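In: 3D, please:
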Amino acid sequence: MHGQLLWSAIKLGVEDKFDFQVSPMQAIYLPTGQKIVFKAADNPRKMKSVNLGRGYIKYAWFEEVDQFAGMADIRNILQSLFRGENHMRIAFYSFNPPKSGRSWVNQETKIEKLGRKVHHSMYLTVPKESLGDVFLAEEEHLKKTNEMAYRHEYLGEEVGTGLEIFNNITLRKITDEEIRYFDRIRQGIDFGYAVDPVVFERIHYDKTRRRCYFFDEFSGVGVSNRKLYDRIKVHKRINTTADSAEPKSIDELRSLGMNVLKAKKGSDSIEYGIKFLQDLEEVIIDPNRCPRAANEFVNYAYEMNRNGEVKSTYPDKDNHAIDAARYALEYDLKSYRAGISSAKGW
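Out: Model (predicted):
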């Protein structure tokens with residue numbers, strides 16, 4: 001970063017206004033004495049000791065953000081850097097998007113937050129003369145020989161690792177205006193208590209456009225059926241399909257006034273349910289309204305055996321929102337299964 005900013009100052013013709021030092025690693029803006037301080041963040045805990053002596057840190061720039069373990073590490077640093085005087089602070093994050101949408105940083109960019117701006121740039125957005133002939137020749141060769149690698153390395157696209165089970169997920173805000181027009185609402189419950197969470201999902205199924213919208217969710221560990229009912233009773237008149245492996249929980253919710261149906265399930269219900277969701281044009285999830293569904297659908301991936309071969313079965317873990325969605329869409333799944341069976345001549 002030190003060298004990059006020095007190069008930039010020279011390119012912009014303002015290097016005479018800065019004193020770039022290496023011990024300590026900093027750049028001083030000579031007209032005012034303001035400093036650009038460079039710090040390694042390989043151990044985020046060490047950043048808690050940053051103290052300028054006087055003044056405050058206005059801007060923080062995190063380079064190669066994808067190398068951090070997660071947003072928690074960055075928050076730890078920011079809590080130290082931006083502590084104190086009540087001034088407007090701005091943080092910049094730059095990185096090359098990892099291949100997989102399961103990467104925490106790729107997921108983070110899809111979450112809308114007040115004040116957050118996401119900008120995507122690539123080599124096509126800068127003057128060719130700044131790239132050089134060698135760079136452009138390598139880019140052209142890769143584009144012809146390995147399109148997937150080209151899209152990732154030069155266009156910054158999430159091309160996936162090949163293990164993702166769902167490649168049709170869109171994480172975005174679903175507005176109240178959209179929800180007002182939802183008229184095909186499905187509800188599902190996957191029961192859990194001590195270890196596994198109970199999950200309730202509300203979904204709008206747009207059959208014409210083949211899209212599902214996840215717009216409401218409740219989940220938690222150690223949640224009693226009474227507490228679950230109190231949280232979702234506002235939706236009690238709409239049919240809710242629940243895991244039939246918990247008949248006592250279903251009976252209790254019914255006794256409280258919830259209109260609950262038992263999921264039919266079956267030996268191949270998981271496979272057909274996941275294929276139904278995979279075949280949809282788009283699965284749209286509001287990550288703020290439905291954080292568990294957002295996390296599970298993006299991260300649900302095939303596993304590999306000891307020999308490095310991909311297992312053909314779907315993982316039975318971290319899939320509680322996915323199961324709730326399968327139950328919720330069970331009625332719609334019937335016509336889907338019938339269509340597949342007819343096409344295969346069964």
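In: Am I right that Y205 sits in a strand?
Out: Yes - counting by DSSP: H, G, I helix; E, B strand; the rest coil, Y205 is part of a strand.
In: which residue packs closest to it, ignoring adjacent ones?
Out: Spatially, and ignoring its direct neighbours in sequence, Y205 is nearest to R184 (4.8 Å; C-beta to C-beta, 6 or more residues apart in numbering). For glycine as for every other residue, the C-beta is placed from the backbone atoms N, C-alpha and C.
In: ok, now R226?
Out: Nearest to R226 is L256, by C-beta to C-beta, 6+ apart, at 7.1 Å.
In: what's that neighbour in contact with, if anything?
Out: Taking C-beta atoms under 8 Å, 6 or more residues apart in numbering, we find L256 in contact with N225, R226, Y229, K233.
In: State the number of residues packed around the closest residue to the first one other than its chain neighbours.
Out: Put plainly, it is N225. Once flanking residues are discounted, N225 sits nearest to E252: 4.6 Å by C-beta to C-beta, 6+ apart. The number of residues packed near E252 is 17, by other C-beta atoms under 10 Å.
In: Quick check: which element contains E252?
Out: Using DSSP states H and E, E252 sits within helix 247-256.
In: still on that earlier bit, among the contacts of L256, find the one with the greatest number of neighbours, please.
Out: Highest neighbour count within the contacts of L256: N225, with 21 neighbours (other C-beta under 10 Å).
In: Do you have the helices of this protein handy? List them.
Out: In the chain, the segments counted as helices under DSSP state H are 2-12, 71-81, 104-109, 133-145, 147-153, 176-180, 225-232, 247-256, 269-279, 291-299, 320-328, 330-343.
In: Deepest-packed of these, please.
Out: Most buried of these by mean neighbour count (mean count of other C-beta atoms under 10 Å) is helix 320-328; its value is a mean of 27.
In: Contacts made by that helix with the rest, please.
Out: Contacts of helix 320-328 (C-beta under 8 Å, 6+ apart): 186-190, 192, 196-203, 212, 214, 217, 219, 240-243, 263, 269-270, 273-274, 276-277, 290, 292-293, 296-297, 300, 333.
In: Quick check: mean pLDDT of it?
Out: Across helix 320-328, the average pLDDT comes to 96.
In: what's the angle between that helix and helix 291-299?
Out: Relative orientation of helix 320-328 and helix 291-299, computed by axes from the mean of the first three to the mean of the last three C-alpha atoms, to 10 degrees: 100 degrees.
In: Would you reformat the helices of the chain as CSV and include distance to F166?
Out: Below are the helices of the chain laid out as CSV (distance: least, C-beta to C-beta, whole Å):
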stretch, distance to F166
helix 2-12, 37
helix 71-81, 22
helix 104-109, 13
helix 133-145, 28
helix 147-153, 19
helix 176-180, 21
helix 225-232, 25
helix 247-256, 28
helix 269-279, 6
helix 291-299, 5
helix 320-328, 9
helix 330-343, 16
